[in-house]
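[1] Sequence plus the predicted model coming up.
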Amino acid sequence: MVETLLEFIRVPAIGPENGGDGESKKADKLVKTLASMGFDKIEKHEAPDERVPSKKRPNVIAYTAGEKTSETLWIVTHMDIVPSGEESLWTVTKPFEPMVKDGKVYGRGSEDNMQSMFASIFAVKALKNLGIKPKRTVGLCFVADEETESEFGIRYLIKKGLFKPSDLVVVPDGGNADGSFIEIAEKGVLWFRIRVLGKQTHASTPGKGLNAHRIGMQYALALDKMLHEKYSEKDEYFDPPENTFEPTKKEKNVDAVNIVPGEDVAYFDCRVLPRYDIRKVFEDVQTSAKDFEKKTGAKIETEIVHKTIAPKPTPANAKIVTMLEQALKHVRGKKPIVGGIGGGTCAAYFREANIPAVVWSTVEEIAHQPNEFAIIENLVNDAKIFAYLAII
Ligand SMILES: [Zn+2]
């Protein structure tokens, strides 16, 4: 398992929005690996995308026939990864030169989402080696485009009608460090861009221009305060229980220190409890932009770059929830906690389509950080849970 994980970390799959060439190389390698393990049926579903060299965003599905064919246990993981970020912060090893150290595999994508990807593959392989036929058909689903919009990934597959409401769906792309948390609800997600337009000038004569960077910072801070104050309710069912409003990405402005920027672009990532309407949140963003325009004379454009309305939670008594509870009790001797998180996994799209889905895995939650790692013990122990789900 470790060897395979190491091999795959060497093949980055980054979406075009993040400056990458997509998932094709990784998908081809994956198909070869799965074929060598004797999966019954391997399918490739390719979503057309002109922005990548192969013009396709591949999704791979590996089926294993079970006793019952009327329902399928789906384990859905994603092939794409986020970029390495600031490379100098990778102090253990380089992002795509994986390394094993102290029971951990280091490298970009090790935990998010390849730990679960290979846990699911080797769970089925173990059953095959033991000659155990799963109770129901098992579909291992490896999707593209999870880190951005999922348009070419899970949403594409759901639209194709591959999944049924009676199916059992596990999305092992989140969880907690001891594997006791079963996620059945997500917050709504809102990403927006703020573009402030002032007037560029020489920094020694700022009066001749209008500093978009200063106004951008002031506006972002005011917005930060307003959103936190206005949307302050908590829900202990979620982790974290409050709404989150985070200023995140910042676009490069001028090249020289002595130029007053005429344009300033920043982004917010907001995760909002289902009780709030995300559209209202954005309306407030727009209203305060208007106020700031009046106050400062700058032009402020706000635009949504991504939004997921929080779907109805998966019922706590759904079959897949009880199966997972049983598996955790039996295999790990653990009493699981069922609850909600900040959102943004493939599970939300299943729930939107009225297909119950749970998010579960044993992870340190270090996804997207430098020195990302997967704990080898988690890789093995999660495989046991997946194997157990296939046979109960
Ligand atoms: Zn992920």
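    Done, it's in.

[2] And the helices in the stretch 51-200 of the chain, which stretches?
    With DSSP state H, counting those that start in this stretch as the criterion, the stretch 51-200 of the chain has helices at 116-130, 154-159.

[3] just these: most buried one?
    helix 116-130 (a mean of 21; mean count of other Cβ atoms under 10 Å). (C-beta placed from N, C-alpha, C; glycine too.)

[4] circling back to that earlier point, can you check which of the helices of the stretch 51-200 of the chain gets nearest to the ion?
    helix 116-130 (8.5 Å; Cβ to the ion).

[5] Average pLDDT for that closest one, rounded please.
    The average pLDDT within helix 116-130 is 97.

[6] next one: stretch 35-42
    According to the model, stretch 35-42 has a mean pLDDT of 92.

[7] What residues of it count as buried?
    M37, F39, I42 (16 or more other Cβ atoms under 10 Å).

[8] Quick check: the first one touching A123?
    This points to M37. No. M37 is beyond contact range of A123, at 11.5 Å (criterion: Cβ atoms under 8 Å).

[9] For this protein, what lies in contact range of the ion?
    D112, N113, D173 (Cβ under 5 Å from the ion).

[10] Same list, those, but as a markdown table with pLDDT please.
    Below are these laid out as a markdown table (pLDDT from 0 to 100):
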| residue | pLDDT |
| --- | --- |
| D112 | 95 |
| N113 | 97 |
| D173 | 95 |
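
[11] quick check, nearest of those to E50?
    Nearest to E50 among the residues of the chain next to the ion, counting by Cβ to Cβ, is N113 at 25.5 Å.

[12] wait, doesn't the closest one sit right on V76?
    No. The pair N113 and V76 fails to qualify as a contact (Cβ under 8 Å) at a distance of 9.4 Å.

[13] shared neighbours, those two?
    Taking Cβ atoms under 8 Å, 6 or more residues apart in numbering as the criterion, N113 and V76 both touch P172, D173.

[14] More neighbours: which of those two?
    V76 (32 against 29; other Cβ atoms under 10 Å).

[15] measure that one to the ion for me?
    11 Å (Cβ to the ion, to the nearest Å).

[16] what does K312 give?
    Distance from K312 to the ion, by Cβ to the ion: 22 Å.

[17] Give me the contacts around stretch 119-131.
    Taking Cβ under 8 Å, 6+ apart as the rule, stretch 119-131 contacts 1, 4, 33-34, 37-39, 62, 64, 75, 77, 133-134, 138, 140, 172, 361, 378-380, 382-387, 390-391.

[18] Give the buried subset of the residues you listed as a PyMOL selection command.
    Selecting only the buried entries of the contacts of stretch 119-131 in PyMOL, with 16+ other Cβ under 10 Å as the criterion:
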select buried, resi 1+4+33+34+37+39+62+64+75+77+134+138+140+172+361+378+379+382+383+384+385+386+387+390+391
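
[19] can you tell me which of the contacts of stretch 119-131 are in strands?
    Judged by DSSP state E, the contacts of stretch 119-131 include A62, T64, I75, T77, V138, L140 as members of strands.

[20] quick one: which two of those are the most distant?
    Maximum distance among the ones in strands among the contacts of stretch 119-131 (Cβ to Cβ): 15.5 Å, for T64 and T77.

[21] Could you check how many residues crowd around the residue nearest to I14 when sequence neighbours are not counted?
    Residue nearest to I14 in three dimensions, not counting chain neighbours: G20, with 2.4 Å by Cβ to Cβ, 6 or more residues apart in numbering. Look at G20: counted by other Cβ under 10 Å, it has 17 neighbours.

[22] does G20 sit in a helix, a strand or a coil?
    Here G20 is recorded as coil under DSSP: H, G, I helix; E, B strand; the rest coil.
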